[in-house]
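Student: the sequence and its predicted three-dimensional model are supplied below.
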Amino acid sequence: MRYRTRVTAPAAALIGTAAALTTGIPAQAAPGTGATPGAETLGDPVYPALGNDGYRVSAYHLDVAYDATTKLVEATATLTIRTTQALSRFSLDARDLDIRSVRVGGRTAAFEQVADKLRITPARPLPAKARTTVCVAYGADPRRTPPPAGGWVATPDGFAVCGQPDVAHTVFPCNDHPSDKADFTFRITVPAGLRGVASGRLVRTEQLSGDRTAYTYRSRSPIATEVVQITVGDYVIKDRQGPHGLPLRDVVPVARAAALEPALALTPALVAWVEQRLGAYPFETYGLLPCNNDASNAFDFTGLETQTLTLYKPNYLLQEESKIGSHMMHELVHSYFGNSVTPATWADLWLNEGHADFYGLLYRYERGWADSLGMTTLEARMKYTYALGDQWRRDSGPVAAPNAANLFDGQRYVGGVLVLYALRQQVGEAAFTALERTFLERYRDSTASTEDYIAVASEISGQDLGGFLRDWLYGTKTPRMPGHPDWTVTPVTASLAAPRDRRNSHHHENSATL
């Protein structure tokens, strides 16, 4: 374990806490205040070290400046927080960032970096239910820790970011857990010849001294830290109109814009298709970001659903429509399942990936495009997957019980599709469509758990589906498939391979839509 420590503050602010900060001994309550340190975890079942308690973040303002000569970033993250207890100390998630200073409520605060935590001791304890700001000035090198260990994608002309699942805090200090969604604004300062873009819509452009430009973006809806996008490059912004006047914008390397246009032009029809099934697109804009890096190790996925702006490797999008349309739908569906309705914990990931693959496969088969196994119907793919059910449960665990090593295994993707297929078989297509839309509407701009989904499914279908869905999601044996009494499960054999660690594999490549 690596430790990087820096403590700055007036000496008086450290009395009574310095020993605890440097030795790991829990700090005592601040005398006469009842304030204690906030917990340095939110107790996630997959990533227990992620997140911090004692407060919640309501808003982030990220002010990022890129130097094209040094290829370094100087930034300030200003968080608006509300305490949930009286705090003598609290922490943010932060790693591989060069912290310059920290201010809490406008006052200089003591801070220390220990592993993935930035421990902050305000000049005065924070009372419970107090609203305050935390301002962290820092520097970063986008080339320092490439994906998947870090969240920066370095490019010849700038960078993009990919924080999923647990590395957004290598890009900006944050409460890096999907349950703590917040509003975001971004101000990105770049030299002449480059463009800065982020999640949300452009609200201001400033011409600065030194031939620099600052672009400010604001998101209309809260964002989970893991799907924030900030990018700098030699980009052209390609605007087009989607259904019902939805503004679509693609952020494209200038040199590759013409070659990528056939793929980019597919988006309006994709949005129209998904809106017919899941309702109105939930955000203010959508588009693609084929960032300027096709290296095999640039990032360990084909596409990533950063909010309002899906990140892709450009070469993938140069293929014909039948090769990319299904996965483009997968990423678009994440705007609903994953971004608008965010998983309460990482154990709920199947809600994201299962739904994205479910609708991505439906889109594929409606068009008669064979999948990677040569199948052309959802029923055929599900019968094949069903036969593997017990083997997958042995090798990768139940669908809704992942760990950090197997989180992005196929069990969360096409295994999740199998659960949704079984549910649709059980309740019928009309009830299934109704419960999907109800779930999305009820938890829009919020988070939801597997239990929340089960509750909505039971309510809308008029059936108690608790036992049925828990067997499918948590059982070690594959349940019978409704409507297909002839389907059989292949007996389990010795594991073909140990589950691959996410950090050493192309974890998103288990999507059935590829």
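Tutor: Done, it's in.
Student: could you use CA atoms for every contact and neighbour count after this?
Tutor: Noted.
Student: pretty sure Y281 sits in a strand.
Tutor: No - Y281 is assigned coil when assessed by DSSP: H, G, I helix; E, B strand; the rest coil, not a strand.
Student: how about the secondary structure of the nearest residue in space to it that is not next to it in sequence?
Tutor: In space, not counting the residues next to it along the chain, Y281 is nearest to E275; the distance is 6.2 Å by CA to CA, 6 or more residues apart in numbering. Under the three-state scheme (three-state DSSP), E275 adopts helix.
Student: count of neighbours near Y47?
Tutor: Residue crowding around Y47 was assessed by other CA atoms under 10 Å; the count is 18.
Student: T376 contacts R367, correct?
Tutor: No - assessed by CA atoms under 8 Å, T376 is found out of contact with R367, at 9.0 Å.
Student: who has more neighbours, the two?
Tutor: T376 (19 against 13).
Student: that one: what's it in contact with?
Tutor: Going by CA atoms under 8 Å, 6 or more residues apart in numbering, T376 touches Y365, G368, W369, A370.
Student: what do you get if the cut-off is 6 Å, keeping everything else the same?
Tutor: Under the criterion of CA atoms under 6 Å, 6 or more residues apart in numbering, the neighbours of T376 are Y365, A370.
Student: that one belongs to a helix?
Tutor: No - the assignment for T376 (three-state DSSP) gives coil, which keeps it out of a helix.
Student: okay, it and M382: tell me how far apart.
Tutor: Distance, T376 to M382, using CA to CA, to the nearest Å: 11 Å.
Student: now do the helices in the stretch 201-350 of the chain.
Tutor: 257-264, 267-278, 321-333, 349-366 (DSSP state H, counting those that start in this stretch).
Student: using the three-state scheme, assign Q425.
Tutor: Under three-state DSSP, Q425 falls in the helix class.
Student: show the model's pLDDT score for it.
Tutor: Here, the pLDDT recorded for Q425 equals 98.
Student: wait, P314 sits on L289?
Tutor: No - between P314 and L289 there is no contact under CA atoms under 6 Å: 8.4 Å.
Student: and the two? Which one has more around it.
Tutor: The neighbour count for P314 versus L289, taken as other CA under 10 Å, is higher for L289 (27 against 24).
Student: residues contacting the more buried one?
Tutor: Taking CA under 6 Å, 6+ apart, we find L289 in contact with V251, T310, L311, Y312.
Student: count of neighbours near the first one?
Tutor: Residues near V251, counting by other CA under 10 Å, number 28.
Student: before we move on, back to that, among the contacts of L289, which one lies nearest to G279?
Tutor: Proximity of the contacts of L289 to G279 (CA to CA) peaks at T310, which lies at 19.6 Å.
Student: so what's that closest one closest to, chain neighbours aside?
Tutor: Excluding the flanking residues, the one nearest T310 by CA to CA, 6+ apart is L288, at 4.8 Å.
Student: and the one you found, how close does it get to D390?
Tutor: 37 Å.
Student: next, give phi and psi for R195.
Tutor: Backbone torsions of R195, given as degrees, to the nearest 10, read phi -130, psi 140.
Student: who's it bridged to?
Tutor: For R195, the beta-bridge partners under DSSP bridges are G233.
Student: tell me the contacts of it?
Tutor: Applying CA under 6 Å, 6+ apart, we find R195 in contact with V232, G233, Y235.
Student: the second one - how many residues pack around it?
Tutor: Okay, so that is G233. Each residue near G233 was counted by other CA under 10 Å, and the total is 24.
Student: before we move on, what about I460?
Tutor: Neighbour count for I460, taken as other CA under 10 Å: 18.
Student: wait, a helix at it?
Tutor: Yes - according to three-state DSSP, I460 belongs to a helix.
Student: distance check, the spatially closest residue to it that is not a sequence neighbour against F301.
Tutor: For I460, ignoring the flanking residues on the chain, the nearest one in space by CA to CA, 6+ apart is L435 at 5.5 Å. Using CA to CA, we find L435 at a distance of 30 Å from F301.
Student: show me what the helix or strand containing A430 is in contact with.
Tutor: Element membership of A430 [criterion: DSSP states H and E] is helix 429-442. For helix 429-442, the external contacting residues (CA under 6 Å, 6+ apart) are L278, R424, A457, I460, S461.
Student: can you do 10 Å?
Tutor: For helix 429-442, the external contacting residues (CA atoms under 10 Å, 6 or more residues apart in numbering) are 277-279, 282, 336-337, 340-341, 355, 420-421, 423-427, 444, 446, 448, 452-462.
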